[in-house]
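A.B. asks: sequence below, structure please.
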Amino acid sequence: MNKVKSFKPLRFFLLALTAFVYSLSIQSQYSVEQNTKIFDANGVSIAYTVAGEENSTPVLMVMGLMASHKLWGEKIVNDLVDAGYKVILFDNRDTGDSERLDRLGEPNLWWKYFLSTVGISFSTPYTLSDMANDGIAVLDELDIESAHLVGASMGGMIVQTMAFENPSRAKSLVSIMSTTGAKHLSGMSEEMEGDFEGVEDLDIEETHKYGFYPEAMPRQLTAIFHAGDRSDQVSKIKVRTLVQHGLDDPLLPSDHGIHTAELIEGSEIKLYEGMAHNLPDEVIPLVISDMINFFQEG
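C.D. replies: Below you'll find the model as predicted:
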């Protein structure tokens, strides 16, 4: 049970703040401060924003645990826009300008984690499938038939689910530093476990400025626990896929990415030195270059 304490990710915040830090001096088409539009998606208010030319090929980007769309940063989005893509960003439910679902209650993570480890079914405020449907609803709202789907960490799990459940809506799939949830895969490093403490001590208003919403953690982690091992689902994905993963990832070690690529027939995998569970400045150009080449080859 000691490992459950690791679901208090102060270090996650520090890693991500460093990795996804954005420069307000960048002069291009997308700004993290640009307004979002809000619409009703299956009874939940979802916020989205768009960058790039209207008729360009669309790319839908999905962020990870507790993170709003701002965590993608300006460079990644603008590099895609400059390459000729229309980038659609949305805030997962419980984050950013999307609806906070406190009305659904706060799950007991200890108990939900225990039930997941022993294989007993349990209820959850919402599921990864619900979050995937939010992304599909954004495409519907914009009258987009299909888009390249790009997700990081939990966002990778979400776009994997989108590609499995709605393959016709995916031009391709890019899964970044994500996982299948298979139980045989490596756990997080001991250092990471030890450092994942203190989220309750964070200044909530300050974390919101950076695009983090710790209040979402119990519900979003419960959705991940509820999904469990998705290997069978992932193995049935027929969408053209690129897996991108850091060789130094202490949260989801590289075997998580390798396993994802092994399960999806015909997929490509790119492993990056110097990349942990983040997108450091020195790796971003290569990640984006590989992503754009992948899009164009399709």
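A.B. asks: output the below-cut-off pLDDT ranges for the stretch 101-250 of the chain.
C.D. replies: 189-202 (pLDDT under 70).
A.B. asks: all helices for the stretch 51-200 of the chain, in order.
C.D. replies: Secondary structure of the stretch 51-200 of the chain by DSSP state H, counting those that start in this stretch: the helices cover 73-82, 109-118, 128-141, 154-165, 190-195.
A.B. asks: for K183, find the nearest of those.
C.D. replies: helix 109-118 (8.7 Å; Cβ to Cβ). For glycine as for every other residue, the C-beta is placed from the backbone atoms N, C-alpha and C.
A.B. asks: so what secondary structure elements neighbour that closest one?
C.D. replies: helix 217-227 (3 or more Cβ pairs under 8 Å, 6 or more residues apart in numbering; DSSP states H and E).
A.B. asks: what sits up against the helix it packs on?
C.D. replies: The contact list for helix 217-227, computed with Cβ atoms under 8 Å, 6 or more residues apart in numbering, reads 7, 9, 65-66, 92, 94, 101, 104, 106-107, 109, 112-113, 115-116, 122, 124-128, 130-131, 154, 157, 161, 181, 199.
A.B. asks: swap in 6 Å and give it another go.
C.D. replies: 7, 65-66, 94, 106-107, 109, 112-113, 116, 124-128 (Cβ atoms under 6 Å, 6 or more residues apart in numbering).
A.B. asks: ok so L251 is a helix residue?
C.D. replies: No: according to DSSP: H, G, I helix; E, B strand; the rest coil, L251 belongs to no helix; its state is coil.
A.B. asks: tell me the spatial nearest neighbour of it, not counting adjacent residues.
C.D. replies: What sits nearest to L251 in space, not counting adjacent residues and going by Cβ to Cβ, 6 or more residues apart in numbering, is H277, at 4.1 Å.
A.B. asks: identify the residues contacting L242.
C.D. replies: 174, 268, 294.
A.B. asks: need these in CSV (columns: neighbour count and distance to E262).
C.D. replies: Formatted as CSV, those follow (neighbours: other Cβ atoms under 10 Å; distance: Cβ to Cβ, whole Å):
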residue, neighbour count, distance to E262
V174, 26, 17
E268, 16, 12
F294, 19, 18
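A.B. asks: verify the contact between F122 and Y113 for me.
C.D. replies: No: with contact defined as Cβ atoms under 6 Å, F122 does not count as touching Y113 (10.0 Å).
A.B. asks: of these two, who's got more company?
C.D. replies: Y113 (18 against 13; other Cβ atoms under 10 Å).
A.B. asks: distance of that one from P58?
C.D. replies: Y113 sits 37 Å away from P58, going by Cβ to Cβ, to the nearest Å.
A.B. asks: do the same with A147
C.D. replies: Taking Cβ to Cβ, one finds A147 at 4 Å from P58.
A.B. asks: give me the more crowded residue out of those two.
C.D. replies: Shown here are A147 and P58; by other Cβ under 10 Å, A147 has more neighbours (24 against 21).
A.B. asks: wait, that one touches V62, no?
C.D. replies: No: using Cβ under 6 Å, A147 is not in contact with V62, being 10.9 Å away.
A.B. asks: quick one, what contacts T36?
C.D. replies: 47, 49, 97.
A.B. asks: my guess is T57 meets Y85, correct?
C.D. replies: Yes: using Cβ under 6 Å, T57 makes contact with Y85 at a distance of 5.5 Å.
A.B. asks: tally of neighbours for the spatially closest residue to S235 that is not a sequence neighbour?
C.D. replies: Nearest residue to S235 in three dimensions, chain neighbours excluded: L263, at 4.3 Å (Cβ to Cβ, 6+ apart). Counted by other Cβ under 10 Å, the residues lying close to L263 total 21.
A.B. asks: quick one, strands of this protein?
C.D. replies: For the chain, the strands defined by DSSP state E cover 37-41, 44-51, 57-62, 85-90, 147-152, 170-176, 241-246, 268-272.
A.B. asks: ok, residues contacting the fifth one?
C.D. replies: Around strand 147-152, the neighbours that count as contacts under Cβ under 6 Å, 6+ apart are 58-62, 64, 158-159, 162, 170-174, 176-177, 295.
A.B. asks: and what of the last one?
C.D. replies: Contacts with strand 268-272, where a contact means Cβ under 6 Å, 6+ apart, come from 242-247, 254, 261, 283, 290.
A.B. asks: of all these, which two lie farthest apart?
C.D. replies: So, those by Cβ to Cβ: farthest apart are A261 and V283, at 18.3 Å.
A.B. asks: surely A216 meets N92?
C.D. replies: No: using Cβ under 6 Å, A216 makes no contact with N92, being 7.7 Å away.
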